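Trainee: no sequence for this one, just the structure:
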């Protein structure tokens, strides 16, 4: 019985150490927010290929904060769902992407590259260009 208890405690300790190491690696290598005023461009490309552009300056550190600012000041709106990977964007400017129905989703592009983070984890840097693009599994 004592051997099993020792094995269980050893396993728990190993898991705790692994979690701490992963947390430290994320803190060091994860996305970094830039403080201060930054210029940005945000384009929204809908399901018809129509583009709405928003340019501005912000003190926001993450893209979601920029989107919140735009929704208060401009003709911009969005809806999202919190998930295990951060904010999943469900709708932009009234257009809902329903992945369950047709594989559609709102993709985030940063400076022309497919985004690696959700909107609430995507850092904002001076001069960045963001695109929210309606994409679907049907190739549209």
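Mentor: Received it, and whenever you're ready, just let me know what you need. Quick caveat, the model's predicted, so the values are computed rather than measured. Numbering: from 1, shown residues only.
Trainee: which helix of this structure spans the most residues?
Mentor: Longest helix of the chain, by residue count under DSSP state H: helix 2-29.
Trainee: tell me the gap between it and the middle of its chain.
Mentor: Its chain's C-alpha centre and that of helix 2-29 lie 28 Å apart, by Cα atoms, centre = their mean, to the nearest Å.
Trainee: so where's this structure uncertain?
Mentor: Counting by pLDDT under 70, the ranges of the chain that qualify are 1, 23-34, 138-140.
Trainee: tell me where the chain has strands.
Mentor: 38-45, 51-58, 78-83, 86-92, 95-96, 105-110, 113-114, 128-135 (DSSP state E).
Trainee: what angle separates the second one from strand 38-45?
Mentor: In this case it means strand 51-58. For strand 51-58 against strand 38-45, the angle by axes from the mean of the first three to the mean of the last three Cα atoms, to 10 degrees is 160 degrees.
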